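Undergrad: Pasting the sequence and the predicted model now:
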Amino acid sequence: MGSLSDLHIDLDFGPGASASPVGRTSKRIVDIVLALSGIILLSPLLILCFVLTWASSRETVLFRHKRVGFNGKPFDCLKFRTMLGDAPELLRKLLETDAAAAAEWAQCQKLRNDPRVTRIGAILRESSLDELPQLFNVLMGSMSIVGPRPVTEDELSRYGASVKAYTACRPGITGLWQVTGRGTTSYETRVSCDAYYARKWSLSLDSKIIIVTIPSVLFTKNAY
């Protein structure tokens with residue numbers, strides 16, 4: 001997949017919006033085939049996660065969160081709900097009263113010990129099963145199987161000169177960052193991974209990332 005020492009590269013995607021996302025038609029065909037296959041093969045697991053999520057929170061099972069997609073267009077990123085209904089208020093209070101949690105949130109926009117997460121939600125997150133509904137995002141064309149991690153509008157400001165690299169792609173269910181450290185890496189490394197992917201994309205690179213995604217999810221304990 002190339003050397004991570006090559007990640008900090010000069011990206012030039014030209015002025016203005018891109019006509020087509022990285023990978024174009026060939027990547028889109030692969031996305032549709034894999035997403036449809038995944039939905040069919042994993043339908044029993046999808047149903048089980050649906051039932052357990054509803055039983056654990058009695059809230060809306062699917063959580064929709066605005067993320068930035070290709071050419072900067074916002075979309076609803078789908079996940080199984082893993083947090084309590086009053087999660088925003090819980091986060092606000094935590095960041096106001098816990099300096100360590102505030103520093104961790106400022107660094108990577110995640111919390112290792114997150115009080116907002118339900119018991120079932122913690123299992124879904126650790127196994128990445130909460131992201132299975134994103135297969136439907138792939139079918140709808142707002143996401144890809146492989147690509148940059150979908151970010152919020154606020155997070156995109158942290159990409160600096162690499163914004164064009166991010167918006168040249170459809171965000172992915174998995175990607176280079178997820179298989180090269182995930183929660184153990186800095187946000188700057190995450191941005192570099194996304195920039196590298198946008199510049200070096202190939203079907204071969206996508207295949208390698210997909211192949212190593214499953215063992216990365218199963219054996220990495222820092223996927224928070």
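TA: On my side now, so go ahead.
Undergrad: and the residue of the chain most remote from its centre, how far is that from residue 21?
TA: No residue in the chain sits farther from the centre than residue 97, which is 28.3 Å out by Cα atoms, centre = their mean. Distance from residue 97 to residue 21, counting by Cβ to Cβ, to the nearest Å: 42 Å. Where you see a C-beta, it was placed from the backbone N, CA and C, and this is true even at glycine.
Undergrad: next structured bit after the helix or strand of the chain with the lowest mean pLDDT?
TA: Sorting the helices and strands of the chain by mean pLDDT, DSSP states H and E puts helix 87-97 at the bottom, at a mean of 73. Following helix 87-97 in sequence order, the next helix or strand is helix 99-108 (DSSP states H and E).
Undergrad: got a list of what the residue most central in space within the chain touches?
TA: Closest residue to the average C-alpha location of the chain: residue 149 at 3.6 Å, with Cα atoms, centre = their mean. By Cβ atoms under 8 Å, 6 or more residues apart in numbering, the contact set of residue 149 is 171, 172, 175, 177, 178, 190, 194.
Undergrad: Just give the number of residues close to the fourth one.
TA: Taking other Cβ atoms under 10 Å as the neighbour definition, residue 177 ends up with a count of 22.
Undergrad: If you drop the residues flanking it in sequence, what lies closest to it?
TA: Spatially, and ignoring its direct neighbours in sequence, residue 177 is nearest to residue 193 (4.1 Å; Cβ to Cβ, 6 or more residues apart in numbering).
Undergrad: measure the one you found to residue 21 for me?
TA: Distance of residue 193 to residue 21, computed by Cβ to Cβ: 17 Å.
Undergrad: Would you verify that residue 76 is located in a strand?
TA: Yes: according to DSSP: H, G, I helix; E, B strand; the rest coil, residue 76 belongs to a strand.
Undergrad: so what's it bridging to?
TA: residue 66 (DSSP bridges).
Undergrad: Where do the strands of the chain begin and end?
TA: Counting by DSSP state E, the chain has strands at residues 62-68, 74-80, 144-146, 172-174.
Undergrad: which residues of the protein score low on pLDDT?
TA: 1-18, 85-88, 108-109, 181-185, 217-224 (pLDDT under 70).
Undergrad: how about the helices of it, start to end?
TA: 24-41, 43-57, 87-97, 99-108, 119-127, 134-140, 153-156, 163-167, 187-200, 203-219 (DSSP state H).
Undergrad: Present the ones you listed as TSV; the columns should include distance to residue 68.
TA: Below are the helices of the chain laid out as TSV (distance: least, Cβ to Cβ, whole Å):
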stretch	distance to residue 68
helix 24-41	18
helix 43-57	25
helix 87-97	19
helix 99-108	17
helix 119-127	22
helix 134-140	13
helix 153-156	5
helix 163-167	7
helix 187-200	12
helix 203-219	21
